[in-house]
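Chemist: prediction below, plus the sequence it came from.
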Amino acid sequence: MELTRIIWLASFPILVTIVFTGMAWLQRRATFSPTTKRSPPLPPEAAGAPLLGILPSLLTKGPLQVIRDAHAEMGSVFTVSLLHRKVTFLVGPDVSSHFFQGLDSEISQDEVSQFTIPTFGPGVAFDVDFATRREQFRFFGDAMKPVKLRTYARLMVQEVEEYFARWGPTGTVDLKKELEHLITLVASRCLFGEEVRAKMLGEVATHLHELNDGMRLVTILFPHLPILAHRRRDTARARLGEIFSGIVSSRKTSYPDGGPNDMLQCLIDSRYKDGRATTETEVVGMLVSALFAGQHTSSSTGTWTGARLLAHANGNHLRAAVQEQEQIVERHGDRVDYEVLQEMDILHRCVKEVLRLHPPAMMLLRHARRSFTVRTREGDEYQIPEGRTVASPLVIHNRLPHVYKDPERYEPDRFGPGRGENGAGEAFSYTAFGGGRHACVGEAFAYMQIKVIWSHLLRNFEMEMVLPFPETNWNVVMPGPKGKVMVRYNRRMSAAA
Ligand code: HEM
């Protein structure tokens, strides 16, 4: 018995050593086991100057080239530094689902959209909390339902016919300026009724232009930097506030029991879930936001559509679009309304392809409130850390060769039946109107007004570009055609004067 105890005591340290060594080995094995999940690495980072990051390249090469170069070098997920901020770019549908679909508590717009407050004004959009903003966007959504769109289609046609009746039998115009003006008139007639329209012709259109020009790339980082464009923006916003306040209060006095069936009235009559009515400041802010969201985006799309169709190389698309109008006239005569507009498939594809190549919102931004992981189509995983600014650069996202064949080419037929490129196969491969949780509520309205304008022009005028195909103005947050887009027109002989 004594001997057994001695042997046991002597062997105890050896046993302990074996057990601990075994545990350590097992633990190490577990750590290096290929089945164990490790945090994926951070995305690769673009080289940049100390403190300034990519700022010097931005100034010399422009934003599009900088992002393109980084994408070509590092692939679909990469980070760039711009002064104090790191921005991770996600390019392509495979890495974009969380960006578009993630909950706002996980990936939000608030932190990265504060720069829009001086433009939209107080009480709306990113000046209010998420819940209030959702409700305000719901009010917009209500005003864009098909039953309302049918009414707007009629008003759009009226406005467009009146506008082009003023063009002579022949002439040369700056298409960009003409469409900026016309879209403002159309939006005002459809959304805000006669009161705003009466004041539209001059002042309001000018102020909207100044609001857009005041949203520069530098605005994203320094929204209150004392530059001329910001000063003009602030004056324009203050003046729009005065004009719209006058309109809202006169509408309330003139129609105490409910006024005309337009968006202004919709916004005045809207109620939050708790029963609260919209205030005058909120209605004014929503009017400015709706005009801002729809005006420049639609007018630049209308102008690019003209430039693309009239460019010499695209003669076949122009011919196809004119022929479609001739066939529709054979079926419906001169009638253009909501239903007839739905039949303009070729024209629709021409506009859709313009938006792929020239998205007015060139880049969407979010803030990662929680870290998340993305997986590229090559199978690489990256972790996007909490607190990171995340960007979806639509301007290259919609030109990916593995999604679109010959992506730099203007090819509306790629969206036609039988071609597998229409982006419907894969979610978030076509994102000109965003997608997921924050998809644009004005998409149908925007297509409608551009189709009303271009169906009228194609039916009634022969047109040609006078200047070379326009470059893009990358200086603003919502880029459009740079400089004048001069076009010569001849009214078609058969067209009504
Ligand atoms: C060609 C015309 C237009 C384009 C290209 C366009 C593009 C976009 C894009 C890309 C987004 C997503 C923003 C993001 O995810 O951060 C968006 C959102 C939005 N758009 Fe448009 N838009 C157009 C016209 C309009 C019009 C006419 C209106 C209304 C009058 C409008 C109202 C809105 C609103 C309210 C949102 C925010 C939706 C949300 O966050 O839930 N847009 N638009």
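Modeler: Here it is on my side, so go on. Keep in mind the model is a prediction, meaning the values are calculated, not measured.

Chemist: the ligand contacts on the chain?
Modeler: Residues of the chain found near the ligand (CB under 6 Å from any ligand atom) are 109, 137, 140, 290, 293-294, 297-298, 301, 355, 360-361, 364, 432-434, 438, 440-442, 445-446. Every residue, glycine included, has its C-beta placed from N, CA and C.

Chemist: what about the residues you listed, which are in strands?
Modeler: residue 364 (DSSP state E).

Chemist: any chance you could map the helices in the stretch 351-497 of the chain?
Modeler: 394-397, 443-460 (DSSP state H, counting those that start in this stretch).

Chemist: how many residues are close by the residue nearest to residue 360 when sequence neighbours are not counted?
Modeler: Nearest residue to residue 360 in three dimensions, chain neighbours excluded: residue 297, at 4.1 Å (CB to CB, 6 or more residues apart in numbering). Counted by other CB atoms under 10 Å, the residues lying close to residue 297 total 23.

Chemist: cool, and the one 4 residues further on?
Modeler: Using other CB under 10 Å as the criterion, residue 301 is surrounded by 25 other residues.

Chemist: surely it is in contact with residue 351?
Modeler: Yes. If you go by CB atoms under 8 Å, residue 301 and residue 351 touch, sitting 6.6 Å apart.

Chemist: so what sits against both of the two?
Modeler: Jointly contacting residue 301 and residue 351 under the rule CB atoms under 8 Å, 6 or more residues apart in numbering are residue 450.

Chemist: could you report the separation of whatever residue of the stretch 201-350 of the chain ends up closest to the ligand from residue 86?
Modeler: Using CB to the nearest ligand atom, the single residue of the stretch 201-350 of the chain nearest to the ligand is residue 294, 2.7 Å away. Residue 294 is 33 Å from residue 86, where distance means CB to CB, to the nearest Å.

Chemist: more neighbours, these two?
Modeler: Neighbour count, other CB under 10 Å: between residue 294 and residue 86, residue 294 has more, with 22 against 16.

Chemist: can you pull the contacts of the closest residue to residue 401 other than its chain neighbours?
Modeler: Closest residue to residue 401 apart from its sequence neighbours, by CB to CB, 6+ apart: residue 407 at 5.4 Å. Neighbouring residues of residue 407 by CB under 8 Å, 6+ apart: 398, 399, 400, 401.

Chemist: for residue 407, what are phi and psi?
Modeler: Main-chain dihedrals, residue 407, degrees, to the nearest 10: phi -60, psi -20.

Chemist: and what of residue 159?
Modeler: The phi/psi pair for residue 159 (degrees, to the nearest 10) is phi -60, psi -40.

Chemist: same question, the one 4 residues further on
Modeler: Residue 163 has phi and psi values of phi -60, psi -50 when expressed as degrees, to the nearest 10.

Chemist: where along the stretch 351-497 of the chain do the strands fall?
Modeler: For the stretch 351-497 of the chain, the strands defined by DSSP state E, counting those that start in this stretch occupy 364-368, 372-375, 381-384, 389-392, 461-465, 472-473, 480-481, 486-491.

Chemist: would you turn those into a markdown table with distance to residue 79?
Modeler: Shown next, in a markdown table, are the strands of the stretch 351-497 of the chain (distance: least, CB to CB, whole Å):
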| stretch | distance to residue 79 |
| --- | --- |
| strand 364-368 | 12 |
| strand 372-375 | 12 |
| strand 381-384 | 9 |
| strand 389-392 | 10 |
| strand 461-465 | 40 |
| strand 472-473 | 25 |
| strand 480-481 | 29 |
| strand 486-491 | 42 |
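
Chemist: lowest mean pLDDT across those, which one is that?
Modeler: Least confident of the strands of the stretch 351-497 of the chain, judged by mean pLDDT, is strand 472-473 with a mean of 90.

Chemist: elements contacting that strand?
Modeler: Packing partners of strand 472-473 (3 or more CB pairs under 8 Å, 6 or more residues apart in numbering; DSSP states H and E): strand 480-481.

Chemist: so which residue of the protein comes closest to the ligand?
Modeler: residue 442 (2.2 Å).

Chemist: okay, that residue: pLDDT?
Modeler: Confidence score, pLDDT, at residue 442: 92.

Chemist: contacts only, for the nearest residue to it once chain neighbours are set aside.
Modeler: Excluding the flanking residues, the one nearest residue 442 by CB to CB, 6+ apart is residue 294, at 5.3 Å. Residues near residue 294 by CB under 8 Å, 6+ apart: 183, 187, 442, 445, 446.

Chemist: farthest-apart pair in those, please.
Modeler: Greatest spacing in the contacts of residue 294, by CB to CB: 183 and 442 (12.1 Å).

Chemist: looking at those two, which has the bigger crowd around it?
Modeler: residue 183 (29 against 21).

Chemist: helix or strand: which one has the more buried one?
Modeler: Applying DSSP states H and E as the criterion places residue 183 in helix 175-187.

Chemist: got the angle between that helix and strand 461-465?
Modeler: 130 degrees (axes from the mean of the first three to the mean of the last three CA atoms, to 10 degrees).

Chemist: helix 175-187 - what's its average pLDDT?
Modeler: Here the average pLDDT along helix 175-187 is 92.

Chemist: buried sites along it?
Modeler: 175, 176, 178, 179, 180, 181, 182, 183, 184, 185, 186, 187 (16 or more other CB atoms under 10 Å).

Chemist: repeat for stretch 103-115
Modeler: 104, 107, 108, 109, 112, 113, 115.

Chemist: dump those to JSON lines, plus distance to residue 265 and secondary structure.
Modeler: Formatted as JSON lines, the entries for those read as follows, by distance: CB to CB, whole Å; DSSP: H, G, I helix; E, B strand; the rest coil:
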{"residue": "104", "distance to residue 265": "30", "secondary structure": "coil"}
{"residue": "107", "distance to residue 265": "35", "secondary structure": "strand"}
{"residue": "108", "distance to residue 265": "32", "secondary structure": "strand"}
{"residue": "109", "distance to residue 265": "28", "secondary structure": "coil"}
{"residue": "112", "distance to residue 265": "33", "secondary structure": "helix"}
{"residue": "113", "distance to residue 265": "28", "secondary structure": "coil"}
{"residue": "115", "distance to residue 265": "31", "secondary structure": "helix"}
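
Chemist: no more questions from me, cheers.
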